[in-house]
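Engineer: Kindly return the folded structure for what I paste below:
(chains A and B, ligands or ions: 1)
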Amino acid sequence: MTTINLLQAVNLTLKQEMARDQRIIVFGEDVGYEGGVFRATVDLQKEFGKDRCMDSPLSESSIVGVGIGMAINGMLPVVEMQFMGFSYPAFNQIISHVARMRNRSRGRFSVPMVIRMPYGGGIRALEHHSESTEAIYSHIPGLKVVIPSTPYDAKGLLAAAIRDEDPVIFLEPKRIYRAFKQEVPDEEYIIPIGKANVVREGKDITLISWGAMMREALKAADLAKDKGISVEVIDLRTISPIDRDTIIESVKKTGRVVIVHEAAKTLGVGAELISIINEKAFLYLEAPPLRVTGFDTPFPLPQGEHHYLPSPERIFNKIMETVNYLT
Amino acid sequence: MLFKNYNPLDKKMFQIMDENSNIKNEEYMPDLNKEELLTMYENMIQTREADLKALMYQRQGRMLTYAPNIGQEAAQVGSAFALEKKDWMVPSFRELGAWLTRGADLKMIYLYWYGNEFGSHIPEDLKILPVSVPIASHLNHAVGISWASTLQGKDEVSIAYFGDGATSQGDFHEAMNWAGAFNTPTVFLCQNNQFAISVPRGSQTSSETIAQKAVAYGMPGIQVDGNDILAMYVATKTAIERARRGEGPTLIEAYTYRIGAHTTSDDPTRYRTDDEVEVWKKKDPIDRMKKYLIDKGYLNEEENDRLVEKCGKIAEEAFKYVETNGKTKLDDIFKYHYKEITPQLLEQMEEYKEFLNERGEL
Ligand SMILES: Cc1ncc(C[n+]2csc(CCOP(=O)(O)OP(=O)(O)O)c2C)c(N)n1
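Structural biologist: From the prediction side, this is the model:
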């Protein structure tokens, strides 16, 4: 066991995986010599050499496009987009090729690559540095989208992403990169992609979130507990494909649900979750499923971001609204 | 030698055999025997015949949109002939001749244009990527493939095909830049057929040649007469050998012309004159090679007719196969997105099958 933060968990996992499998190669802007602007890849170049961890030119489309070629030709690229907001120049590569190569070639070629991106707000950053557009990537058939919310999960999920034979968009909530530490096993372990985590059991209402918002969700659940409300808290972990079973099972038990995400509300992942719940558990519902989300605006600059990010209080209010529906 | 003698900024075009089939540049004459020359020629004829048939089937409403290659056979066959089996080819969408030269089955190519993704299922023994429709994006894949070859110590080179229009895309520049910076064994083969749909080459870029763009990325660039199959072969072979020796990437501009439409949905008379097309028809790469082979005594008219007929038959047979076997299997629509189908997709498939089943349509 070591006590590490989420960023260190990412770094540790990369090291262990690279040692395990020679085919893994890490590259992106500044990831080599400097170890990334967040230091997620620090020491990898020192340990594994320049051929295994290197600085790419400043060209997102190429980082992904070159990765595709390498994946097709026998390697396992784990590439970094410096920030999620800078993945858009690579959008064409991700959507047109990464996501489709297996289908296009009817299984002859696959692109088993991981695209890591620091994502999300709450770090008082410049414009384009707080993006949380996970819904965009989740809408694309052929991709898997994974978001850890703790160091423990980051390690198990990243290892799973690297070993997955399909391409994985791995979104790292940078707000909690260094926010807290946790005991993490030294040995390798896997957290399966496509499985949500029931973080806390409860019987009155289901609260679903992921990434950095898990911390706010848990605080809101504590506030509700003080009012005698028992909240079941689910960490989605995988945004695509969504673990419907865990959600449906929970909603059937509680009859109430609130979803929390920091991304914009309209057409967000919350909308998909509510659709699933309506399709599969409509008759169990005691109240309409509700959402606490960011606004349909670009992520505000630091002086305004506290308004945008769902707070425990906003979440708590929505929990109460749901619990008090028609009573 | 070749690249040293052809500075792309000098605006010289590399040619071995001129428009009258005379060998003008003896010192670069490739060491190809009769059999090899005839194989190259046959590949051009097969490409032309497959193309003509595809156009005919399309007009009869039996084939979907198709991108013809007429006029570009030498650029494609000549370059692809320089590759070895172990090398990778990363095509765009107008490379019928290159596919066939590398041993791809025409049935597969027809199947793709017939509207069935199984045409993109490349057999295990062929190192060719599927058709890539988004312009220029595949150039980066070629760089990645060849860089992976280097890192894994594999003796492979990759070649990427693209058009003049592709050079306006960011991906062209990113791929060239990366290949230069990493010295990857990549050959960039631009088929400058003078048009990107209706937009002439002169509207894409104010560079005097495409080849000279190589200078900016620190690699050799050469403009080649794209209708001269010998020059195309030699330039590509030289670039491939250079890459194999670890000396890095090359940009080749095949200066040619698309005789037909951009695709069967396009009407080229709207944007170019018959006179212009006539000038280029006189430079037909197949006519040029044919005359050369006849002059050499390697071919006579009668043998030529038999060859054309044989290739036409092969195309007919291939299309017949596709017409009887070309329907997409329902499961195939769902089967290939992930290594294992997701619960969501499985449910969507089952629900749809049940719907068909109830209507007796499954
Ligand atoms: C990114 C992108 N934009 C637009 C298109 C539509 N399109 C298909 S082919 C083409 C012209 C391509 O011209 P060029 O690269 O010169 O190749 P050619 O067709 O002449 O062989 C265009 C605009 C496309 N396929 N991809």
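Engineer: distance between the helix or strand bottoming out on mean pLDDT in chain A and the chain's centre?
Structural biologist: The weakest-scoring helix or strand in chain A, judged by mean pLDDT, DSSP states H and E, is helix A:305-308 (a mean of 93). Taking C-alpha atoms, centre = their mean, to the nearest Å, one finds the center of helix A:305-308 at 20 Å from the center of the full chain.
Engineer: same question, stretch A:163-181
Structural biologist: What separates the centre of stretch A:163-181 from the centre of its chain is 6 Å, taken as C-alpha atoms, centre = their mean.
Engineer: cool, stretch B:277-287 as well?
Structural biologist: Worked out by C-alpha atoms, centre = their mean, stretch B:277-287 lies 19 Å from the chain centre.
Engineer: wait, does it contact the ligand?
Structural biologist: No - for a cut-off given as C-beta under 6 Å from any ligand atom, stretch B:277-287 has no contacts with the ligand; the smallest distance is 13.8 Å. From N, CA and C alone the C-beta is placed, and that goes for glycine too.
Engineer: Mind listing what's buried along that stretch?
Structural biologist: Neighbour-count burial for stretch B:277-287, counted by 16 or more other C-beta atoms under 10 Å in any protein chain shown, picks out B:277, B:280, B:283-286.
Engineer: Of these, which is the nearest to chain A?
Structural biologist: residue B:285 (30.2 Å; C-beta to the nearest C-beta).
Engineer: Tell me how many other residues crowd residue B:307.
Structural biologist: Counted with other C-beta atoms under 10 Å in any protein chain shown, the neighbours of residue B:307 add up to 18.
Engineer: Could you do residue B:92 as well?
Structural biologist: By other C-beta under 10 Å, the residues close to residue B:92 number 25.
Engineer: So it belongs to a helix, correct?
Structural biologist: No - assigned with DSSP: H, G, I helix; E, B strand; the rest coil, residue B:92 falls outside any helix and is coil.
Engineer: For it, give its distance to residue B:315.
Structural biologist: From residue B:92 across to residue B:315, the span is 22 Å (C-beta to C-beta, to the nearest Å).
Engineer: which ones are touching residue A:249?
Structural biologist: Residue A:249 is in contact with no residue at all, counting by C-beta atoms under 8 Å, 6 or more residues apart in numbering or on different chains.
Engineer: Need the residues that contact the least confident helix or strand of chain A.
Structural biologist: So helix A:305-308 is contacted by A:121-122, A:124, A:130, A:262, A:294-295, A:297, A:299-300 (C-beta under 8 Å, 6+ apart).
Engineer: Whichever of the residues you listed end up buried, select them in ChimeraX.
Structural biologist: Filtering the contacts of helix A:305-308 down to the buried ones (16+ other C-beta under 10 Å) takes a single ChimeraX command:
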select /A:121,122,130,262,294,299,300
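Engineer: element containing residue A:54?
Structural biologist: Element membership of residue A:54 [criterion: DSSP states H and E] is strand A:53-55.
Engineer: If you tally nearby residues, what's the number for whatever residue of the stretch 51-200 of chain A ends up closest to the ligand?
Structural biologist: Closest approach between the stretch 51-200 of chain A and the ligand, counting by C-beta to the nearest ligand atom: residue A:92, at 7.1 Å. The number of residues packed near residue A:92 is 20, by other C-beta under 10 Å.
Engineer: before we move on, what about residue B:52?
Structural biologist: Counted with other C-beta under 10 Å, residue B:52 comes out at 16.
Engineer: ok, back up a step: now the least confident helix or strand of chain A: buried residues?
Structural biologist: By neighbour count on 16+ other C-beta under 10 Å, the buried set for helix A:305-308 is A:305, A:308.
Engineer: next SSE after it?
Structural biologist: Counting by DSSP H and E, what follows helix A:305-308 is helix A:312-323.
Engineer: Which parts of that following helix count as buried, going by neighbours?
Structural biologist: Applying 16+ other C-beta under 10 Å to helix A:312-323 flags A:312, A:314-320, A:322-323 as buried.
Engineer: Could I get the contacting residues of the residue most central in space within chain A?
Structural biologist: With distances taken as C-alpha atoms, centre = their mean, chain A has residue A:147 as the residue nearest its mean C-alpha position (1.7 Å). Under the criterion of C-beta under 8 Å, 6+ apart, the neighbours of residue A:147 are A:119, A:134, A:170-173, A:210-211, A:236-239.
Engineer: do that again at 6 Å, thanks
Structural biologist: Contacts for residue A:147 (C-beta atoms under 6 Å, 6 or more residues apart in numbering or on different chains) come out as A:171, A:210-211.
Engineer: One more: residue A:35?
Structural biologist: Taking C-beta under 6 Å, 6+ apart as the test, what residue A:35 contacts is A:41-42.
Engineer: hang on, the earlier thing: any idea which helix or strand carries the residue of the stretch 51-200 of chain A closest to the ligand?
Structural biologist: Going by DSSP H and E, residue A:92 is in helix A:91-92.
Engineer: So which residues make contact with that helix?
Structural biologist: B:134, B:137.
Engineer: What's the first helix or strand after that helix?
Structural biologist: Following helix A:91-92 toward the C-terminus (DSSP H and E): helix A:101-104.
Engineer: Relative to chain A, how far out is the residue nearest to the spatial centre of chain B?
Structural biologist: With distances taken as C-alpha atoms, centre = their mean, residue B:95 lies nearest the centre of chain B, 2.4 Å away. As judged by C-beta to the nearest C-beta, to the nearest Å, residue B:95 and chain A stand 16 Å apart.
Engineer: so who does that residue touch?
Structural biologist: Residue B:95 touches B:76, B:161, counting by C-beta under 6 Å, 6+ apart.
Engineer: how about it, phi and psi?
Structural biologist: phi -140, psi 40 (degrees, to the nearest 10).
Engineer: where's the residue of chain B at minimum distance from the ligand relative to residue B:180, distance?
Structural biologist: Proximity to the ligand, evaluated over chain B using C-beta to the nearest ligand atom, is greatest for residue B:163 at 2.1 Å. Separation of residue B:163 from residue B:180 (C-beta to C-beta): 21 Å.
Engineer: Of these two, give the one with the bigger neighbour count.
Structural biologist: residue B:163 (25 against 20).
Engineer: tell me the pLDDT at the spatially closest residue to the more buried one that is not a sequence neighbour?
Structural biologist: Leaving aside its sequence neighbours, residue B:163 sits nearest to residue B:191 (C-beta to C-beta, 6 or more residues apart in numbering or on different chains; 5.7 Å). Looking at residue B:191, its pLDDT is 98.
Engineer: Residue B:191 and residue B:75 touch, don't they?
Structural biologist: Yes - under the criterion of C-beta atoms under 6 Å, residue B:191 makes contact with residue B:75 at 5.1 Å.
Engineer: who has more neighbours, these two?
Structural biologist: Remark: of residue B:191 and residue B:75, residue B:75 carries more neighbours, 35 against 30, as counted by other C-beta under 10 Å.
Engineer: Off-centre distance for stretch B:152-167?
Structural biologist: That offset, for stretch B:152-167, works out to 11 Å (C-alpha atoms, centre = their mean).
Engineer: Pull out the buried positions in that stretch.
Structural biologist: For stretch B:152-167, burial by neighbour count (16+ other C-beta under 10 Å) applies to B:154, B:156-167.
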